[in-house]
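In: below is the sequence, then the predicted model.
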Amino acid sequence: MSTNQNSSIAPGPIALTVLIVLAALSRILPHPFNFTPIEAMALFGGAYYANRALSIAVPLLAMLLADFFLGFHDGMPVIYATIALISILGFALRGRVSVLRVASLGLISATLFFLITNFAVWLGGTMYPMTANGLLACYIAGIPFFHWQLAGVAAYSVVLFGGFALLRSNLPALKSQTV
């Protein structure tokens, strides 16, 4: 009996998926507010999945899995849309991953996430008046958590991008730019 090598699953997408799912599930562990893998795993997926649909879908599905354990809430559509946007930003890293590029896009991603999700809190909530001052107050209230968000992006980018670079250096099957 012979085996068909064409039907085997490539190790690259499996490695990417495992790293992203593990990162998403790390949200279940105790952590400071906003110290999460969200932006890093979205950038990572966008940077490395050859299939653009997978680069967006896998981080979203990993988040959904973690949210199954953490609980669902009204803000999820905005958060998930922002993750998809950040995954698309990760396309800019394809074939050009470097510390400076990852750090730059990490900062941009964290800032976008902060701006979009806090805007949604202001727009859909009752905590702040529907005025420019109310929006400003909403953003100001979020600032104390933003440093944790930046720290999360930095730490998880090191784990995901650095971990994958380490895997690639030891596993020839992962050598291509996108997998």
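Out: All right, it came through fine.

In: correct me, but W122 touches A141?
Out: No - in terms of CB atoms under 8 Å, W122 does not count as a neighbour of A141; the distance is 9.6 Å. The C-beta positions use only the backbone N, C-alpha and C, and glycine is treated the same way.

In: neighbour-wise, which of the two wins?
Out: W122 (21 against 14; other CB atoms under 10 Å).

In: that one and V78, how far apart?
Out: Distance of W122 to V78, given as CB to CB, to the nearest Å: 11 Å.

In: return every residue with contacts to both of those two.
Out: Taking CB atoms under 8 Å, 6 or more residues apart in numbering as the contact criterion, no residue touches both W122 and V78.

In: show me the shaky parts of the chain.
Out: Counting by pLDDT under 70, the chain shows low-confidence ranges at 1-9, 177-178.

In: and for H31, the neighbour number?
Out: Residues lying near H31 (other CB under 10 Å) number 13.

In: what about it, is that helix, strand or coil?
Out: Using DSSP: H, G, I helix; E, B strand; the rest coil, the structure places H31 in coil.

In: can you tell me the closest non-neighbouring residue to it?
Out: Closest residue to H31 apart from its sequence neighbours, by CB to CB, 6 or more residues apart in numbering: G152 at 7.9 Å.

In: ok, A47 next?
Out: L93 is the one closest to A47 (CB to CB, 6+ apart), at 3.7 Å.
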